[in-house]
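>>> output the structure for:
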Amino acid sequence: MKDFLIPAIDLKGGKAVRLYKGEEEKVKVYSNNPEEIARLFEDFGFKRIHVVDLDGAFGNTLKNLEVIKNIRKAFSGVVQVGGGLRELQALKILDEIGIDLFVVGTVAVKSPEVFQEMLDSFPGRIILSVDSKGGKVSVAGWKEGSLYTPEDLAKLYDEKPIWGYLYTVVEKDGTLEGVDVEPYLRFKKFVKKPVLASGGVSSIEDLKKLKGLVEGVIVGKAIYEGKIKLEELE
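The predicted structure is shown next:
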């Protein structure tokens, strides 16, 4: 499961936190030292981590850059970063500090020409973030809706040089309510590229439900709350 589970570190004000359903005011702090958490994931043998700059998602791009640098130094595997990456320059800065993959969502919906520039500059290194809320794609830190369904985005971009997708069920995110496999089953019919799942994971059983359906699962709160014990993972 360690190759399937991708631990998440969400950053806000330099601290590792989790939100409830993506709501900025419903925040819980888990650590004042996110790089220590990255080192822990390294020690447990994970090959990849998912880092979200929540301040970036809510409008302050790369506010947590120094912390991201420290995380990169602490973790030797693949590091993917998302949150407010709405300009090509932000990707270039992250590339310079050694970030492997970039998670981008809002730009693909609101500024397709900028997203195309990103793809031209970093082919195969961009994960398209598909944040589903009420069946439609949500953008701008999940604060704005759009007219796109997740499948609409897949039709637009699956032939482009993206790495793949991060599909988040926003209503489930940070709730520990368990996963719903239906959205992923539906979405997978439209895509050839890899899909990472996110939202609602509460147990190892949830991971088993998604194994074989998607290529990886982002897990945050279930780890921090002790619902999934890292020492029990194979």
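>>> all contacts plus neighbour counts: C-alpha atoms, from now on.
Will do.
>>> contacting residues for residue 82?
Neighbouring residues of residue 82 by CA atoms under 8 Å, 6 or more residues apart in numbering: 50-53, 57, 102-104.
>>> show me where this structure has its strands.
Along the chain, counting by DSSP state E, strands occupy 5-12, 15-20, 23-31, 48-53, 78-82, 101-104, 126-133, 136-137, 164-169, 195-198, 216-219.
>>> can you tell me which helices and strands the fourth one packs against?
Based on contacts counted as 3 or more CA pairs under 8 Å, 6 or more residues apart in numbering; DSSP states H and E, the elements that strand 48-53 packs against are strand 5-12, strand 78-82.
>>> columns mean pLDDT on top of these, output as TSV?
Below are the helices and strands packed on strand 48-53 laid out as TSV (pLDDT from 0 to 100):
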stretch	mean pLDDT
strand 5-12	96
strand 78-82	97
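>>> quick one: distance of stretch 161-173 to the chain centre.
Mean-position distance between stretch 161-173 and its chain equals 7 Å (CA atoms, centre = their mean, to the nearest Å).
>>> what is the least confident helix or strand in the chain?
Across the helices and strands of the chain, the lowest-confidence element by mean pLDDT, DSSP states H and E is strand 23-31, at a mean of 77.
>>> skipping adjacent residues, who's closest to residue 138 in space?
Spatial nearest neighbour of residue 138, chain neighbours left out: residue 145 (4.5 Å); criterion: CA to CA, 6 or more residues apart in numbering.
>>> wait, the one you found sits on residue 134?
No: Residue 145 lies out of contact with residue 134 (CA atoms under 8 Å); the separation is 9.3 Å.
>>> so where's this protein uncertain?
Residue ranges of the chain with pLDDT under 70: 21-25, 60, 141-142.
>>> quick one: the helices in it?
Ranges of helices in the chain, per DSSP state H, are 34-43, 54-57, 65-74, 88-96, 106-110, 112-121, 150-157, 182-188, 204-210, 221-224.
>>> between the third one and helix 34-43, how big is the angle?
When you say that, I think you mean helix 65-74. Inter-element angle recorded for helix 65-74 and helix 34-43: 20 degrees (by axes from the mean of the first three to the mean of the last three CA atoms, to 10 degrees).
>>> what sits up against helix 65-74?
In this structure, residues lying in contact with helix 65-74 by CA under 8 Å, 6+ apart are 14, 34-36, 38-39, 42, 51, 79, 97-99.
>>> just the buried members of the residues you listed?
Burial by neighbour count, 16 or more other CA atoms under 10 Å: within the contacts of helix 65-74 this picks out 14, 34-35, 38-39, 42, 51, 79, 99.
>>> adding distance to residue 207, write these out as TSV.
Output for the buried ones among the contacts of helix 65-74, formatted as TSV (distance: CA to CA, whole Å):
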residue	distance to residue 207
14	29
34	24
35	25
38	21
39	23
42	20
51	20
79	21
99	26
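>>> between the residues you listed, which is closest to residue 181?
Nearest to residue 181 out of these is residue 51 (CA to CA; 23.5 Å).
>>> residues touching the closest one, list them.
Residue 51 is in contact with 8-11, 68, 79-82, counting by CA under 8 Å, 6+ apart.
>>> re the thing from before, so residue 145 and residue 134 - more neighbours on which side?
A direct count of neighbours by other CA atoms under 10 Å for residue 145 and residue 134 places residue 145 higher, at 15 against 12.
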